[in-house]
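> The sequence and its predicted three-dimensional model are supplied below.
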Amino acid sequence: MLRMKPISISCLLILIALSSSFRVHSQTDNRFEVSKQLDIFNAIVKEVEMFYVDSIEVDKMVRRGIDAMLKGLDPYTEYFPEQEVDGFKTLVTGEYGGVGAYIRKHDEGVVITEPMEGQPAQLAGLKAGDIILAIDTADVSKAPSDRVSELLKGVPNTKVTLKVKRPGEKKPLKFDIIRKQVVVDQVVYSGVQGENTGYIYLNSFTDKSAQEVKTAFENLKQNHQIKSLILDLRNNGGGTLESAVQIVNIFVPKGKEVLSTRGRIKQRDRIYRTSLDPIDTVIPMAVLINGGSASSAEIVCGALQDLDRAVLVGQRSFGKGLVQSPRDLPYNGMVKITMSKYYIPSGRCIQKMDYSHQNEDGRVSEIPDSLTTVFYTSKGRPVRDGGGVEPDFEEAEDKTPTMMYYLVNDIGLFDYVTGWVLEHKTIPPVNEFVYSDEDYEKFKAFIKEKNFTYDRQSEKFLGNLKEVADFEGYLAEDSTMFNTLEAKLTPDLDKDLERYKDEIKKLISVEIIKRYYYQKGEIQESLKDDNILERALGVLNDKELYEKTLSAPESKESAEEELI
């Protein structure tokens, strides 16, 4: 048997030296390339600014270049110039100095769509439908919404005077408002569903989200003696990673791993564990998710699933397994950079899109199911990486017709509700309110009078198909089928208003309730006839089904065979 000679110390030192030399050389080459490309970019900007045929706005040109450069990486690596940094901080903290109201562009100017409950705008008497004419001495009747927003925000405890046009009032109204530090609540609504199930709706993850969830949960336990809990993370786009860890900590023991992050810079890799004593580690839990649940929302639902602490109900989540960190830039700017991927307790990463391998046209492919890997929860239940977090109980959401998107964005529906509210000074409590068929007939007449129009995707695709068929000569042979389809797919407002009557009535009901009961009422109204909520309640009320779902399978091998 041949024996290999041991490597001598001198040879080993040579190998280490060569390796070290290669790394230094590689780093030097990369730094030179960065310096070279920056010199080229700088020279191009100077040459274009000096010699281009028309005058240019350098800041806008460079901004387009930066945005295009970062877009080639992933959608989450973003640049924020000085004037946009405050907006980013608001997303992280949920706080800003202002009057506390949502606004949007209207045909007659900028309109208040919703004053936040308990905030300066609402307390001063402003209402949804008020059109802003002037802010202090500035005429904003023709100003864009971002300019109006800029003027409304300011240092807390400073006064701002608004002149508004209110539907139903002949003369403009004036309001003196004291700005304050507006804190946007992330637990929009909490209450009891069914007989004894607590419900918490979390809108986003900010620095204060965990405390709000904790407060809501403790209130439900102490004042309502709940026996189970539903945490609703549907359409929650995420936020700060730390708040997700803290929320998981409310329901799992101290010292449990919630996630780990890994990136190119190994020194920045971290393991996040629960660091506090929990509030309740045994109460039956269900988490509601859908395709809009992303980032920190996926950390919470994924960790609770991997730790066998809650059942998930709804649809597969978005699939964002990337972590961003802000970095300061010169002139008070900032860049948010994707620096790592995160891995939940089972060891899986739920990132769906592979941004490291983009096609020439910039498109990114999803990771196919065939390339995903099986991982296991703490009790041995099989789960997979890639493609988001899959619920334990899949329940489809009702499909939203294209027409509904146009109604939401069209100012006509908003104006109709404003008029409806003028005629109804009060309404019953949310659980008793019913929008009548008689009122719906009035809405139909109103929206038709406003010449409401909407696009139909089926009609658009048929037009494209006709072009191809005509180009290839099939249309000349027989156009009967296309004419028949075209007649069926041509938008018919009367028919569609009746076809989607239930969906549109629901939309109007939510908008009406919001005018009287604000965001809490909006959530309560939207939960009526919610099939995903009903499914979660059914699972929680079936103790045997709940415990079986979170129990260890007979064997990992058999569980994996079932998946395949």
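That came through, no problem.

> isn't residue 455 right up against residue 401?
No - contact criterion Cβ atoms under 8 Å: residue 455 and residue 401 do not qualify, at 11.5 Å. Every C-beta, even on glycine, is put in place using the N, C-alpha and C of the backbone.

> These two: which has the busier surroundings?
More crowded of residue 455 and residue 401, by other Cβ atoms under 10 Å: residue 401, with 16 against 11.

> ok, that one - contacts?
Residue 401 makes contacts with 496, 500, 503, as judged by Cβ atoms under 8 Å, 6 or more residues apart in numbering.

> Mind putting the residues you listed into CSV with pLDDT, distance to residue 75 and neighbour count?
Formatted as CSV, the contacts of residue 401 follow (pLDDT from 0 to 100; distance: Cβ to Cβ, whole Å; neighbours: other Cβ atoms under 10 Å):
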residue, pLDDT, distance to residue 75, neighbour count
496, 90, 33, 16
500, 93, 32, 17
503, 94, 30, 16
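
> Could you dump those into TSV with distance to residue 237 and secondary structure added?
Formatted as TSV, the contacts of residue 401 follow (distance: Cβ to Cβ, whole Å; DSSP: H, G, I helix; E, B strand; the rest coil):
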residue	distance to residue 237	secondary structure
496	30	helix
500	27	coil
503	24	helix
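
> burial of residue 47, as a residue count?
Counted with other Cβ under 10 Å, residue 47 comes out at 10.

> How about the one 10 residues further on?
Neighbours of residue 57 under the rule other Cβ under 10 Å: 9.

> just residue 156 next, same as before
Neighbour number of residue 156 under other Cβ under 10 Å is 14.

> can you check residue 136 too?
Residue 136 has 11 neighbours, counted by other Cβ under 10 Å.

> One more: residue 352?
20.

> Could you single out the nearest of the contacts of residue 401 to residue 408?
Residue 408 has its nearest neighbour among the contacts of residue 401 in residue 503, at 11.2 Å by Cβ to Cβ.

> my guess is the closest one meets residue 407, correct?
No - Residue 503 lies out of contact with residue 407 (Cβ under 8 Å); the separation is 9.3 Å.

> quick one, helices of the stretch 301-450 of the chain?
402-409, 411-423, 437-449 (DSSP state H, counting those that start in this stretch).

> Extract the CA atoms of the second one and return them as CSV.
It refers to helix 411-423. Presented in CSV, the C-alpha positions along helix 411-423 are these (Å, rounded to 0.1, in the frame of the first residue of the first chain):
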residue,chain,number,x,y,z
ILE,A,411,-62.5,58.9,-8.0
GLY,A,412,-66.2,58.3,-8.9
LEU,A,413,-66.7,55.7,-6.2
PHE,A,414,-65.0,57.9,-3.7
ASP,A,415,-67.3,60.8,-4.7
TYR,A,416,-70.4,58.6,-4.5
VAL,A,417,-69.5,57.6,-0.9
THR,A,418,-68.9,61.2,0.0
GLY,A,419,-72.4,62.1,-1.2
TRP,A,420,-73.9,59.1,0.6
VAL,A,421,-72.3,60.2,3.9
LEU,A,422,-73.7,63.7,3.5
GLU,A,423,-77.2,62.1,3.5
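
> what's the angle between it and helix 402-409?
60 degrees (axes from the mean of the first three to the mean of the last three Cα atoms, to 10 degrees).

> buried residues in the biggest strand by length in the chain?
When the chain is parsed with DSSP state E, its longest strand is strand 334-343. Judged by neighbour count (16 or more other Cβ atoms under 10 Å), strand 334-343 contains these buried residues: 334-340, 342-343.

> Looking at those residues, spot the one nearest residue 204.
Nearest member of the buried residues of strand 334-343 to residue 204, counting by Cβ to Cβ, is residue 336, at 16.0 Å.

> Which residues outside stretch 512-528 are in contact with it?
114, 116-117, 122, 127-128, 185, 188-189, 191, 193, 199, 201, 417, 420-421, 426-427, 430-431, 433, 435, 506, 509-510, 533.

> measure stretch 389-404 end to end?
With Cα to Cα, to the nearest Å applied, stretch 389-404 spans 28 Å between its terminal residues.

> can you tell me how far the residue nearest the centre of the chain sits from residue 223?
Nearest to the geometric centre of the chain sits residue 237, at 2.7 Å (Cα atoms, centre = their mean). For residue 237, the distance to residue 223 equals 30 Å [Cβ to Cβ, to the nearest Å].

> on that earlier part again, looking at the helices of the stretch 301-450 of the chain, which is buried most?
With neighbours taken as mean count of other Cβ atoms under 10 Å, those reach their highest mean count in helix 411-423, at a mean of 18.

> and that helix, what's its mean pLDDT?
Mean per-residue pLDDT for helix 411-423: 95.

> just checking, what packs against that helix?
Here helix 411-423 touches strand 109-115, helix 437-449, helix 501-526, going by 3 or more Cβ pairs under 8 Å, 6 or more residues apart in numbering; DSSP states H and E.

> low-confidence ranges in this protein?
1-28, 360-362, 456-463, 466, 470-471, 473-479, 481-483, 485-491, 555-564 (pLDDT under 70).

> From residue 351, how far off is the residue lying closest to residue 394 once chain neighbours are set aside?
Closest residue to residue 394 apart from its sequence neighbours, by Cβ to Cβ, 6 or more residues apart in numbering: residue 315 at 6.4 Å. For residue 315, the distance to residue 351 (Cβ to Cβ) stands at 18 Å.

> Same question for residue 97.
From residue 97 to residue 351 the distance is 36 Å (Cβ to Cβ).

> Also residue 75?
For residue 75, the distance to residue 351 - Cβ to Cβ - is 12 Å.

> Quick check on residue 97 and residue 351: which one has the bigger neighbour count.
residue 351 (20 against 17).

> Could I get the full set of helices for the stretch 51-200 of the chain?
Under DSSP H, counting those that start in this stretch, the stretch 51-200 of the chain gives helices at 58-71, 82-93, 120-124, 145-152.

> Out of these, flag the one nearest residue 37.
Using Cβ to Cβ, these put helix 58-71 closest to residue 37, at 10.4 Å.

> neighbouring contacts of the closest one?
Contacts for helix 58-71 (Cβ under 8 Å, 6+ apart): 41, 45, 48-49, 77-79, 81, 335, 362.

> Go again with 6 Å.
49, 77, 79 (Cβ atoms under 6 Å, 6 or more residues apart in numbering).

> and if you look at stretch 237-248?
Residues from elsewhere that reach stretch 237-248 (Cβ under 6 Å, 6+ apart): 204-206, 209-210, 213, 258, 272, 294-297, 299-300, 303.

> related to what we said a few turns ago, tabulate the CA atom coordinates of the longest strand of the chain in PDB.
What follows is strand 334-343, C-alpha atoms only, in PDB (Å, rounded to 0.1, in the frame of the first residue of the first chain):
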ATOM      1  CA  MET A 334     -28.700  56.600   1.800                       C
ATOM      2  CA  VAL A 335     -28.600  53.300   0.000                       C
ATOM      3  CA  LYS A 336     -30.500  50.200   1.100                       C
ATOM      4  CA  ILE A 337     -28.400  47.200   0.100                       C
ATOM      5  CA  THR A 338     -29.300  43.500   0.000                       C
ATOM      6  CA  MET A 339     -26.600  42.100   2.200                       C
ATOM      7  CA  SER A 340     -27.700  38.600   3.100                       C
ATOM      8  CA  LYS A 341     -30.300  35.800   2.900                       C
ATOM      9  CA  TYR A 342     -32.200  34.600   6.000                       C
ATOM     10  CA  TYR A 343     -32.800  31.000   7.000                       C
END
